[in-house]
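Q: Kindly generate the corresponding structure for this input.
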Amino acid sequence: MKRPILISLFLASLVFRAGAVYADLPDLGDVSQASMSQADEDRIGREAMRELRQDGAISDDVELNHYINDIGGRLALGVQGSGLTFTFFVVDDNGINAFAMPGGYVGVNKGLILATQSEGELASVLGHEMAHVTQHHIARMEAKSTPNQLLLLGTLVAAALASRAGNSDATFGALNAGVGLSVANQLSFSRDVEREADRVGMHYLAEAGFDARDMPSFFQRLQQYERLNGIGDAYAFLRTHPVTSERISEAQNRAQGMPVRMHVNSTSYLLVREKIRCQRLEAAAAIKYYQSAIARGLYLSEGAQWYGLARSFMASDDIAGARQALVKARKLLPADPMLFGLEAEIGIKSGNWSQALAAYRAGMTAFPDNAPLVDGEIKLLLQTGQREQALAHIRTRQELTPNDPVLFRLQAEAYAVRDPLRYHAALGNALYFEQMWEAALEQYHMVSQAKGDDFYLLSSVEARIQELEKRVADDKKDGVRTDGGVMQ
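A: Have a look, this model is predicted:
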């Protein structure tokens, strides 16, 4: 079934039933009154993430996701003892939005990252979304509905975001008008819920060393932007996170009683913003933008502007210009893994494999175990036919992050054609940790049919098959499509 049709069915099934879900929002009740178990929340979050992955809505940029998990991980230290595990990810969408899903999944659009003016502002959004998770807001608001209905709601959110990232105009035309708008409004949090998320999120900010004042400051700026420009980029965020002057004032007053933190933007934050800007602009337009910004002195960081210009020159095949701009960036910025990563990319673009490999290795000497640099070197080794070295690096990295699907996909690439047994096992593992149960099962079954003899590998695969067959059967019993979505 095509995705737009699937969403239309979701909308039709929800419109007559969703009205009662948030009827009693002002009376939130205690967190312990949440209507779902943690296992239910985890399942809904997994299903929503599966839908997002399947539609390609989640950015596969290793540097962006590494950064957002780094800053999110710092905030999550303030949630110790909750029993929750957070997963942060970047949504490949230029709109200004962020969202939290049951089970600890927090997504932030590229457009929102670019809209922030400080790392503290970005952290404030993540902290606010994390509070929605830790306070079980969706589960508490869902007290009068059935678990299956909430599963539909969670899947609707994921499908809508995925389709938006895929630029499905027809689908989002439905979501933004008529029946779609009524459902979208049901998904919006109430002012009371937002105030609670502000309060808890500001605590996470302060605990992580950020200034709690960044939260009301960012929301106030978005509100002002919307007033001046009308319906625009910030509409999606403000629609689902209603901001009022009263709420901003309350948050400002609360922040006055919290310690002032003079947090300096990290170099990675500054570079991530410019990498996103380069991704959304054509190369010629990006070059013009950066040259103008540097000439006029309009920037958060001059060094970051030269980094963006270097990326723009590389995109336009001006290798010499890219190298010169990167030299300028390095003179103005502290050392950062992303600077080494760009040096390696320029080397790859010019066909200078040895220069690229040297850049990755220099970066890892300065920043040991930096995942984007490690992954970059592995990809380059595979690209240049150095298979055994790549596999050795993968094995070393897997000792630190044994559940990383990216590493398993690289491992599968290394085994492709030459070793079908290990190829299917590695690809199955990647799909398993991406929670694509049926696709993983298919690969695991192919392991038993492939040539080769590895008792330990075959035993572990057999155990996974038994586990997944039970998962798939249980999900189907609950009405969950195990390839993403909800069964009709």
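Q: Show the contacting residues for residue 328.
A: For residue 328, the contact set (CB atoms under 8 Å, 6 or more residues apart in numbering) comprises 303, 306, 310. Just so you know, the C-beta spots here come from the backbone N, C-alpha and C atoms, and that holds for glycine as well.
Q: how about 6 Å then?
A: residue 306 (CB atoms under 6 Å, 6 or more residues apart in numbering).
Q: go on, residue 380?
A: 356, 357 are the contacts of residue 380 under CB under 6 Å, 6+ apart.
Q: same question, residue 198
A: With CB under 6 Å, 6+ apart, residue 198 has these contacts: residue 251.
Q: at 10 Å what do you get?
A: 124, 127-128, 131, 212, 215-216, 219, 241, 243, 247-248, 250-251, 254-255 (CB atoms under 10 Å, 6 or more residues apart in numbering).
Q: and it, helix, strand or coil?
A: Classification of residue 198 using DSSP: H, G, I helix; E, B strand; the rest coil returns helix.
Q: again with residue 88
A: What three-state DSSP gives for residue 88 is strand.
Q: I'd say it and residue 99 touch.
A: No - taking contacts as CB atoms under 10 Å, residue 88 lies outside contact range of residue 99: 11.6 Å.
Q: shared neighbours of those two, anything?
A: With CB under 10 Å, 6+ apart as the test, residue 88 and residue 99 both reach 105, 106, 107, 108, 129.
Q: Now, these that are in strands?
A: Within the shared contacts of residue 88 and residue 99, residues falling in strands by DSSP state E are 105, 106, 107, 108.
Q: Make CSV out of those and add neighbour count.
A: Listed next are these as CSV, based on neighbours: other CB atoms under 10 Å:
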residue, neighbour count
105, 25
106, 25
107, 27
108, 26
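Q: Kindly check the end-to-end length of stretch 103-113 for me.
A: 23 Å (CA to CA, to the nearest Å).
Q: hang on, I meant stretch 54-71
A: 26 Å.
Q: now stretch 365-377
A: 13 Å.
Q: gap between that stretch and the chain center?
A: Per CA atoms, centre = their mean, to the nearest Å, the displacement of stretch 365-377 from the mean C-alpha position of its chain is 20 Å.
Q: Begin at 241, not 1, for the rest of this chat.
A: Yep, numbering from 241; the last one is stretch 605-617 now.
Q: and that stretch, what's its mean pLDDT?
A: Average pLDDT, stretch 605-617: 95.
Q: Could you do stretch 671-685 as well?
A: Per-residue scores along stretch 671-685 average to 93.
Q: Just the C-alphas of it, formatted as PDB.
A: What follows is stretch 671-685, C-alpha atoms only, in PDB (Å, rounded to 0.1, in the frame of the first residue of the first chain):
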ATOM      1  CA  LEU A 671      18.200  -4.600  10.500                       C
ATOM      2  CA  TYR A 672      17.800  -6.100  13.900                       C
ATOM      3  CA  PHE A 673      19.200  -3.100  15.700                       C
ATOM      4  CA  GLU A 674      17.200  -0.900  13.400                       C
ATOM      5  CA  GLN A 675      14.200  -2.900  14.700                       C
ATOM      6  CA  MET A 676      13.100  -4.000  11.200                       C
ATOM      7  CA  TRP A 677      12.100  -7.400  12.400                       C
ATOM      8  CA  GLU A 678      10.700  -9.100   9.300                       C
ATOM      9  CA  ALA A 679      13.600  -7.800   7.100                       C
ATOM     10  CA  ALA A 680      16.100  -9.000   9.700                       C
ATOM     11  CA  LEU A 681      14.300 -12.500   9.800                       C
ATOM     12  CA  GLU A 682      14.600 -12.800   6.100                       C
ATOM     13  CA  GLN A 683      18.400 -12.200   6.200                       C
ATOM     14  CA  TYR A 684      18.800 -14.600   9.100                       C
ATOM     15  CA  HIS A 685      17.000 -17.300   7.300                       C
END
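Q: Output the below-cut-off pLDDT ranges for the chain.
A: Scanning the chain for pLDDT under 70 picks out the ranges 241-276, 320-322, 379-429, 468-476, 479-480, 718-728.
Q: Tell me where the longest helix sits in it.
A: In the chain, taking DSSP state H as the definition, the longest helix is helix 695-717.
Q: got the buried residues for it?
A: For helix 695-717, a neighbour-count test (16 or more other CB atoms under 10 Å) marks 698, 701, 704, 705, 708, 711, 712, 715 as buried.
Q: The third one contacts residue 684, correct?
A: Read that as residue 704. Yes - proximity of residue 704 to residue 684 meets the contact threshold set by CB under 10 Å, at 5.6 Å.
Q: This completes my enquiry, with thanks.
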